[in-house]
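Novice: Build me a model:
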Amino acid sequence: MPSPHFVLLSLILALASLLGAPSLADDQTITVRGQTICRRRSVKGLHVELREHDTFDPDDSLSVTTTGPDGSFEVRGLENEVGSIRPYLRITHKCDVKDELKCRRVSEIDIPKEKVNNGVYEMNFVNLNVHGHRDTESCEE
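Specialist: Below is the predicted model of the structure:
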């Protein structure tokens, strides 16, 4: 059973959204630029998605692009949100998977909060064979 505080907060948020409380939310922008590499080689044609963590509903997709011939990408997003957004990149690739024909990896990389509303976040090289990110691998049978 939800706590009374949670129920009260939910009612306040629902009422604020019904009344159209635009003054509570601010437009926040994020721009990320980088170049994907795997085993010291650039990787073209990768799916790069700029997303934003949400607490109570599914994460928002802010922008999608594909890496260029040299592995470069730039994604820009705008979100109207109460509080600070928590952006991250989701990159789908085949770097260091078990079977390149059947498997793919999805790497999620958090973007520092201080990069929101602060020009372009230059990631430089995004090394996909480093497994320090949130990674999941899936393979077709």
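Novice: ranges for the helices of this structure?
Specialist: Along the chain, counting by DSSP state H, helices occupy 4-18.
Novice: Just name the shakiest helix or strand of it by mean pLDDT.
Specialist: helix 4-18 (a mean of 60; mean pLDDT, DSSP states H and E).
Novice: Which strands or helices does the strand ranked longest in the chain pack on?
Specialist: Assignment by DSSP state E gives strand 26-38 as the longest strand of the chain. Under the contact definition 3 or more Cβ pairs under 8 Å, 6 or more residues apart in numbering; DSSP states H and E, strand 26-38 sits against strand 47-52, strand 72-81, strand 87-93, strand 120-127. Using the backbone N, CA and C atoms, a C-beta is placed for each residue, glycine as well.
Novice: Save these as TSV, and put in mean pLDDT, mean neighbour count and distance to Thr31 too.
Specialist: Shown next, in TSV, are those (pLDDT from 0 to 100; neighbours: other Cβ atoms under 10 Å; distance: least, Cβ to Cβ, whole Å):
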stretch	mean pLDDT	mean neighbour count	distance to Thr31
strand 47-52	98	20	9
strand 72-81	95	17	5
strand 87-93	97	21	10
strand 120-127	97	15	5
